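J.: Here is a sequence with its predicted model. Questions after.
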Amino acid sequence: MKNALYVLLGVMAGFVLAGVLIFVSRAPAGQPIVLQPAPTKAPIAVHVIGAVPRPGLYELAQGARIQDAIDAAGGLLSTANVDAINLAALLNDGQQLNIPYKSGQAPVEDAASLELPGSPGIDDFSSVTAEPSNSNTDTELININTAALEDLDSLPGIGPTIAQRIIDYRTENGPFSTIEEIMDVSGVGPATFDEIKDLITV
């Protein structure tokens with residue numbers, strides 16, 4: 001009798017165990033958890049110019065500050081005006097950061113860099129020969145003792161009337177000894193003489 005009871009209890013325990021196994025095996029399985037890498041923010045580009053050793057374009061992490069950009073460009077020059085900079089200010093993508101110089105310390109561009117395109121360089125002048133100036137030479141001066149009326153008329157302040165007076169004067173009194181004597185001609189005063197003195201000779 002006891003053996004039959006044990007057998008019955010064993011069978012019942014087997015059914016219970018089998019039911020538990022079936023329930024567990026049929027339980028819905030969830031998706032496996034996969035750890036994703038933390039998203040990284042795209043860097044920002046900043047153009048650094050001014051009083052730094054290596055001006056240029058630098059990529060910095062978002063949230064970077066002016067001090068970070070200065071460090072990337074090699075630090076500050078001794079001529080930089082540090083008091084005019086907020087080193088803690090945040091940078092923006094595409095920003096141009098101009099580090100100011102101290103008053104009077106900004107570099108002066110080399111004169112050679114200021115040459116206009118197409119203008120001759122220093123070496124080009126070695127092949128340039130200066131032409132002699134023919135201004136105020138004896139060949140262009142008008143001889144008031146021999147000049148015709150048309151030549152005298154071409155002088156500033158001397159019209160045909162005064163030109164004829166000059167011819168009449170030298171005919172009556174002989175040739176001029178000096179160019180200053182032309183002021184003895186009626187109508188030729190000091191103001192007119194000042195205009196023609198570099199253009200006439202005797």
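T.: Looks like it came in fine.

J.: mind checking the end-to-end distance for stretch 50-62?
T.: With CA to CA, to the nearest Å applied, stretch 50-62 spans 22 Å between its terminal residues.

J.: how about it: buried residues?
T.: Buried residues in stretch 50-62, counting neighbours by 16 or more other CB atoms under 10 Å, are found at 50-52, 55, 58, 60. Heads up, the C-betas are built off the backbone N, CA and C, glycines and all.

J.: State the pair within those that is farthest apart.
T.: Spanning the widest gap among the buried residues of stretch 50-62 are 51 and 60, at 18.8 Å by CB to CB.

J.: hang on, isn't residue 96 packed against residue 47?
T.: Yes - counting by CB atoms under 8 Å, residue 47 is a contact partner of residue 96 at 4.4 Å.

J.: So these two - more neighbours on which side?
T.: Of the pair residue 96 and residue 47, residue 47 is the one with more neighbours under other CB atoms under 10 Å, namely 15 against 10.

J.: Tell me the secondary structure of that one, please.
T.: Classification of residue 47 using DSSP: H, G, I helix; E, B strand; the rest coil returns strand.

J.: and residue 80, what are its phi and psi?
T.: phi -70, psi 140 (degrees, to the nearest 10).

J.: next one: the one 10 residues further on
T.: Backbone torsions of residue 90, given as degrees, to the nearest 10, read phi -80, psi 150.
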